[in-house]
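K.L.:
what's the 3D shape of this:
(chains A and B, ligands or ions: 2)
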Protein chains: 2
Amino acid sequence: MTGFPELPRGLFGQSEGIGASFGKLAALPRSQSEPPLGAPLPLSPFQGVSCFLVLQDLYILLETDAGFAIVDQHALHERVVYEKLLAAYRAGNVAVQRLLVPAVVELPPADKDLLLEHVDALRATGLLIADFGGVAVQLEGYPAPLRRPDPEALIGGLVRELREVGDVGEPEALHERLHSRACRSAVMAGDKLADAEIEELLKAAAKLEHPHNCPHGRPTVVSFTTGQLERWFKRRV
Amino acid sequence: MTGFPELPRGLFGQSEGIGASFGKLAALPRSQSEPPLGAPLPLSPFQGVSCFLVLQDLYILLETDAGFAIVDQHALHERVVYEKLLAAYRAGNVAVQRLLVPAVVELPPADKDLLLEHVDALRATGLLIADFGGVAVQLEGYPAPLRRPDPEALIGGLVRELREVGDVGEPEALHERLHSRACRSAVMAGDKLADAEIEELLKAAAKLEHPHNCPHGRPTVVSFTTGQLERWFKRRV
Ligand SMILES: [Zn+2]
Ligand SMILES: [Zn+2]
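P.N.:
Ligands and ions are numbered 1, 2, ... in the order given. Next up is the predicted model:
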């Protein structure tokens, strides 16, 4: 296989120019120190986060309107990528990140046949795969929300999905498949994120439909109220 | 009363020149990401803290070798000031912050008499008080670990101590008294500290004999292990 050409990319694979259609995320209003009296509680703990502390390149501690919260960067990023993939698929409008130089991946003939059978279904989810001849396929593009996927791991994962998860047409299979792609593409524990990438993640998280769990049910965020802090320090009984 | 002249001061009242003898705190070694194998667990959660996040000008979140911790800035500062006052008193060597211009405080004649009766005992704890004539006393100096005390509140507190806590010679009374002075002098919830002041607080905290509670038993710090984080996020059962 050949590696991907290094493109300047953000956390969610937005890139300028090469077919990606995810725009810059709009700036959210900053946190106010006091919400107006009687204001409804914010639905998301990610609204208006302005500062954070990163532990072990995995946990992100942040102040929230209600107190503070801790984020698992992998679980949260996975949820964001998953919702983006699902929304784009539903809208029939998956932004594709095309490769300047297609990535050639060799694989066993049976796997190659299986993959080429599903080329059209895969295209609908933003994966552009073509026969390279011999024992190889080439990856020409992938869904823009994925973050710098490793072509060999991506192709291997697709083969596993096709064997295990069933037909791409079934809604259950689709969810499973998008989740597994999101999981493989998300930043991992130990990936060192730049502050700007964390801000980007938190801004995207503020727009999530289901911000509290990753698609498989692991928590993305654990929240603590000011009341809890006061009880820990016996400032309140 | 007259106000104090504004002196350049740190969190613990160290100042150059005017009689204070608390030196600059020595720099502590920075945190290592991995403690050497088999190394004993650090006794204090404040060893080697390098970054923190402040919530509500009260709670300080910090990474520790074992995970993370949350500090109550008032309770911790109170403990630090208390231990400094106690150590200095025991060593018979209380550094005194002298005032360039003594602060004159008026008070009821009975309170003034009570205070002047105890001038020598107060002097041993670093409090320099003299008769100003009329209905006033003057504060000429105070223990250097106190942080910019308000002269009127300080004198008022001393009168209350003398009425309520008993003789300064009794060890119990002394502890109570130093604690109450530390509490009144400590930074409060809502006091906005500069980063350098927080670093100074955490460095001083790393040297505490009893870092976990304020003198009255309120927690100064609540610690969480990496194992706890892993259980919250179901990374470990
Ligand atoms: Zn995952
Ligand atoms: Zn207190």
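
K.L.:
how far away is the residue nearest to A:His216 when sequence neighbours are not counted from A:Gly217?
P.N.:
Leaving aside its sequence neighbours, A:His216 sits nearest to A:His179 (CB to CB, 6 or more residues apart in numbering or on different chains; 6.6 Å). Every C-beta, even on glycine, is put in place using the N, C-alpha and C of the backbone. From A:His179 across to A:Gly217, the span is 11 Å (CB to CB, to the nearest Å).

K.L.:
which residue does chain A have closest to ligand 1?
P.N.:
Proximity to ligand 1, evaluated over chain A using CB to the ion, is greatest for A:Cys183 at 3.4 Å.

K.L.:
from A:Ala88, how far out is the residue nearest to A:His216?
P.N.:
With CB to CB as the criterion, A:His179 and A:Ala88 are 14 Å apart.

K.L.:
work out for me the element the residue positioned nearest the centre of chain A sits within.
P.N.:
Residue closest to the mean C-alpha point of chain A, counted by CA atoms, centre = their mean, is A:Val81 at 2.3 Å. In this structure, A:Val81 is located in helix A:73-90 according to DSSP states H and E.

K.L.:
quick one: that helix to chain centroid distance?
P.N.:
Relative to the centre of its chain, helix A:73-90 is centred 4 Å away, using CA atoms, centre = their mean, to the nearest Å.

K.L.:
give me the buried positions along it.
P.N.:
Neighbour counts over helix A:73-90 (16 or more other CB atoms under 10 Å in any protein chain shown) mark A:73-86, A:88-89 as buried.

K.L.:
what's the answer for stretch A:87-101, then?
P.N.:
Neighbour counts over stretch A:87-101 (16+ other CB under 10 Å) mark A:Ala88, A:Tyr89, A:Val94, A:Ala95, A:Val96, A:Gln97, A:Leu99 as buried.

K.L.:
after the helix holding A:Val81 comes which helix or strand?
P.N.:
Counting by DSSP H and E, the element after helix A:73-90 in chain order, helix or strand, is strand A:96-106.

K.L.:
need the contact list for A:Phe52.
P.N.:
By CB atoms under 8 Å, 6 or more residues apart in numbering or on different chains, the contact list for A:Phe52 reads A:Ile60, A:Leu61, A:Leu62, A:Glu63, A:Ile198, A:Leu202, B:Leu53.

K.L.:
tell me how far the helix or strand hosting A:Cys183 lies from the chain's centre.
P.N.:
When elements are assigned from DSSP H and E, A:Cys183 belongs to helix A:171-185. Distance of helix A:171-185 from the chain centroid (CA atoms, centre = their mean) equals 11 Å.

K.L.:
what helices or strands is that helix leaning on?
P.N.:
Helices and strands touching helix A:171-185, by 3 or more CB pairs under 8 Å, 6 or more residues apart in numbering or on different chains; DSSP states H and E, are helix A:73-90, helix A:151-164.

K.L.:
for these, which one sits closest to ligand 2?
P.N.:
Of the helices and strands packed on helix A:171-185, nearest to ligand 2 by CB to the ion is helix A:73-90, at 36.8 Å.

K.L.:
give me the angle between the closest one and helix A:171-185.
P.N.:
Following axes from the mean of the first three to the mean of the last three CA atoms, to 10 degrees, one obtains 140 degrees for the angle between helix A:73-90 and helix A:171-185.

K.L.:
and helix A:73-90, is it in reach of chain B?
P.N.:
Yes. Counting by CB under 8 Å from any CB of the partner chain, chain B has neighbours in helix A:73-90: A:Ala75.
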